[in-house]
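Enquirer: show me the folded form of this:
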Amino acid sequence: MLDVSNDVRAEIGDEEADRLLAGDNAPGAYDCTSCRTPGNTEQERTSTVLFVGQETAVLAFAHATCVPSQVVPVSEDQLRGAVRSITGEDTAPSYAPPVPAAAHASAPHFPAPAAPPAYPAPSLASPATASHASAPSGHSPYGQAPVAQQAVLGVTSGVVLVGQEARPALVVEPTAPIIRPGSAGHGDEFLQLLSEQGFAPVVDLGRPPAPNPGWSVLLAMGRLHAVLMPAPGGGRPVAWWQAHSPMPLSEGWRSAVGRSQKVLVYAAAAGTIGTQPREDQLRAALDRAAARGALVGATMPLAGT
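Expert: A predicted model of the protein is given here:
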């Protein structure tokens, strides 16, 4: 009951694809690469998901109800982490038959309205529920921090109550002001730059933020890998933020995203939210930021849905 998309077939070749469809190389039991719950290729529809790095590729499996069969470009470091997980050096078993090496990958880049240069994404690794991670970066998603203080992007994951429903959320906050490329000022333009990319002001956390077309969240093997945005000029989405080390997510967070297939992504200026160790404290900080008009957000689907 495998689904092999045309893109995956083109990467692994017709012979390997046909063997998979015939059941010769199908794993039988597997852990879904999206929701991390068990699946079985003989009992339920299953998608083949090919993670492609600069030099290697790994084939994984997911419930067809979670994600469709697709090719996902990732960094080589992320792929090594996936292989460690698959071979048992991590706690998440999976299956990876040999597939041809792939020579192409999508390098992360972060275009701004003024087209700033590309920069390496910050490395974020975090315990998941109401947890926080930060990493230095020489640039920001759409601008740069003043030279005197290097920008650090923090990402917090947590489950927040929206109406009567528990929803998975990510909160992005730099620790230094973000200015527009080429600007000589020192004011924080982070929210304005995000607004120009489709994020909307959040005034009431009782309702989910509006969708931002073309943006999505990439989860794989139960971890956060990237936030994707539309590619300039069209084509396959590119990474707005990409983790060097995939970010762990709690079981509660993964369960919530499994129900909704969507993630609420909030962003605030430096010093607005801070590090919040508990989800109730995170929600209170978000409420305060929304009341001050200092919060933007977007609802994003999982990549490929």
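Enquirer: bridging residues for residue 174?
Expert: Beta-bridge partners of residue 174, counted by DSSP bridges, are residue 153.
Enquirer: ok, it touching residue 154?
Expert: Yes: with contact defined as C-beta atoms under 8 Å, residue 174 reaches residue 154; the gap is 7.3 Å. C-beta coordinates here come from the backbone N, C-alpha and C atoms, glycine included.
Enquirer: compare those two (neighbour count), which wins?
Expert: Using other C-beta atoms under 10 Å as the criterion, residue 174 and residue 154 rank with residue 174 on top: 25 against 21.
Enquirer: what helix or strand does the residue nearest to the spatial centre of the chain sit in?
Expert: Nearest to the mean C-alpha position of the chain, by C-alpha atoms, centre = their mean, lies residue 226 at 3.0 Å. For residue 226, the element it lies in under DSSP states H and E is strand 223-229.
Enquirer: which secondary structure elements does that strand sit against?
Expert: strand 216-220, strand 238-248 (3 or more C-beta pairs under 8 Å, 6 or more residues apart in numbering; DSSP states H and E).
Enquirer: so which of those strands comes closest to residue 64?
Expert: strand 216-220 (15.7 Å; C-beta to C-beta).
Enquirer: what's the angle from the closest one to strand 223-229?
Expert: 160 degrees (axes from the mean of the first three to the mean of the last three C-alpha atoms, to 10 degrees).
Enquirer: pull the residues that contact strand 216-220.
Expert: Under the contact criterion C-beta atoms under 8 Å, 6 or more residues apart in numbering, strand 216-220 has outside partners 33-34, 49, 51, 60, 72, 74, 82, 170, 224-228, 237, 246, 249, 254, 257, 263, 265, 300-305.
Enquirer: so for it, mean pLDDT?
Expert: Averaged across strand 216-220, pLDDT comes to 89.
Enquirer: helices and strands around the host helix or strand of residue 169, which ones?
Expert: Using DSSP H and E, residue 169 sits in strand 165-174. Helices and strands touching strand 165-174, by 3+ C-beta pairs under 8 Å, 6+ apart, are strand 152-162, helix 251-260, strand 262-268.
Enquirer: so residue 299 touches residue 266, yeah?
Expert: No: contact criterion C-beta under 8 Å: residue 299 and residue 266 do not qualify, at 10.3 Å.
Enquirer: more crowded one of these two?
Expert: residue 266 (24 against 20).
Enquirer: other SSEs contacting the lengthiest helix in the chain?
Expert: In terms of residue count, the longest helix belonging to the chain (DSSP state H) is helix 279-291. Judged by 3+ C-beta pairs under 8 Å, 6+ apart, helix 279-291 is in contact with strand 152-162.
Enquirer: please look at the residue nearest to the centre of the chain and residue 237 and confirm they touch.
Expert: No: counting by C-beta under 8 Å, residue 226 sits too far from residue 237 to count as a contact (9.2 Å).
Enquirer: any common contacting residues for the two?
Expert: If you check residue 226 and residue 237 against C-beta under 8 Å, 6+ apart, the residues they both contact are residue 303.
Enquirer: the strand holding residue 226 pairs with which strands, and in what direction?
Expert: Per DSSP bridges, strand 223-229 is paired in its sheet with strand 216-220 (antiparallel), strand 238-248 (antiparallel).
Enquirer: please identify the most buried of those.
Expert: Mean neighbour count, computed with mean count of other C-beta atoms under 10 Å, is highest for strand 216-220 among the strands paired with strand 223-229, reaching a mean of 25.
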